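Asker: Quick one, fold the following:
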Amino acid sequence: NREMGLRQYELGEDEWEIVEQLRDVLQVFYDATQFFSRDNACLATVLPAMDEIDRRLATDCVRRDLKPCIRAACSMGKRTLNRYYDKTDYSETYRIAMVLHPQYEMEYFKKAGWEKAWIDAA
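Answerer: Sure thing, here's the model as predicted:
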């Protein structure tokens, strides 16, 4: 018996669509993992990477072509990401790394829309 009673676990067309959408949404996390696994990754790239992930999740949360369960997962992922992003406020290390990095310096904070008081504090 080749089926071994597993036919009941076979994914349907709708479930495969969810899997494909989830794969596409999770690509940004795979890309970030690959980026930070390089030998030359540095702390100054963490905040811009988190910004990119946040932008992608924010977009995916409202995409009507995605299944509701995928949009809900994106919303929960965004909320979780923001909880970790908020923790960077308690460490000056991220801001120092950004200011000292020749590619970012103070421009990052301005482009990211930080309030003047926050930029001054950085």
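Asker: And the residue nearest the centre of the protein?
Answerer: Geometric centre of the chain, nearest residue: residue 53, 2.6 Å, by C-alpha atoms, centre = their mean.
Asker: Need the contact partners of the strand or helix carrying it.
Answerer: If you go by DSSP states H and E, residue 53 is part of helix 46-62. When contacts are defined by C-beta atoms under 8 Å, 6 or more residues apart in numbering, helix 46-62 is touched by residues 25, 28-29, 32, 35-36, 66, 70-71, 74-75, 77-78, 81-82, 84-85, 88, 94, 97-98, 104, 108, 112. No exception for glycine: its C-beta is placed from N, CA and C like everyone else's.
Asker: cutoff 7 Å now
Answerer: 25, 28, 32, 35, 66, 71, 74-75, 77-78, 81, 85, 88, 94, 98, 108, 112 (C-beta atoms under 7 Å, 6 or more residues apart in numbering).
Asker: Find the nearest non-adjacent residue to residue 67, please.
Answerer: Spatial nearest neighbour of residue 67, chain neighbours left out: residue 18 (5.5 Å); criterion: C-beta to C-beta, 6 or more residues apart in numbering.
Asker: can you pull the pLDDT of that neighbour?
Answerer: If you check residue 18, the pLDDT there is 97.
Asker: still on that earlier bit, quick one: mean pLDDT for the helix holding residue 53?
Answerer: Mean per-residue pLDDT for helix 46-62: 94.
Asker: So which bits of it are buried?
Answerer: 46, 47, 48, 50, 53, 54, 56, 57, 60, 61 (16 or more other C-beta atoms under 10 Å).
Asker: ok, back up a step: which of the helices or strands spans the residue nearest to residue 67?
Answerer: For residue 18, the element it lies in under DSSP H and E is helix 13-36.
Asker: Give me the angle between that helix and helix 46-62.
Answerer: 170 degrees (axes from the mean of the first three to the mean of the last three C-alpha atoms, to 10 degrees).
Asker: Can I get helix 13-36 in PDB, CA atoms only?
Answerer: Taking Å, rounded to 0.1, in the frame of the first residue of the first chain, the C-alpha atoms of helix 13-36 are listed here in PDB:
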ATOM      1  CA  GLU A  13      -5.700  24.000  -3.900                       C
ATOM      2  CA  ASP A  14      -6.700  26.700  -1.400                       C
ATOM      3  CA  GLU A  15      -4.100  25.500   1.100                       C
ATOM      4  CA  TRP A  16      -1.400  25.500  -1.500                       C
ATOM      5  CA  GLU A  17      -2.300  29.100  -2.300                       C
ATOM      6  CA  ILE A  18      -1.800  30.000   1.300                       C
ATOM      7  CA  VAL A  19       1.500  28.200   1.400                       C
ATOM      8  CA  GLU A  20       2.700  30.100  -1.700                       C
ATOM      9  CA  GLN A  21       1.600  33.500  -0.300                       C
ATOM     10  CA  LEU A  22       3.200  32.700   3.000                       C
ATOM     11  CA  ARG A  23       6.500  31.800   1.200                       C
ATOM     12  CA  ASP A  24       6.400  35.200  -0.600                       C
ATOM     13  CA  VAL A  25       5.700  37.100   2.600                       C
ATOM     14  CA  LEU A  26       8.400  35.300   4.500                       C
ATOM     15  CA  GLN A  27      11.000  36.100   1.800                       C
ATOM     16  CA  VAL A  28      12.000  39.400   3.500                       C
ATOM     17  CA  PHE A  29      12.900  37.400   6.600                       C
ATOM     18  CA  TYR A  30      15.000  35.000   4.700                       C
ATOM     19  CA  ASP A  31      16.800  37.900   2.900                       C
ATOM     20  CA  ALA A  32      17.500  39.600   6.200                       C
ATOM     21  CA  THR A  33      18.800  36.300   7.700                       C
ATOM     22  CA  GLN A  34      21.100  35.900   4.700                       C
ATOM     23  CA  PHE A  35      22.200  39.500   4.900                       C
ATOM     24  CA  PHE A  36      23.100  39.300   8.600                       C
END
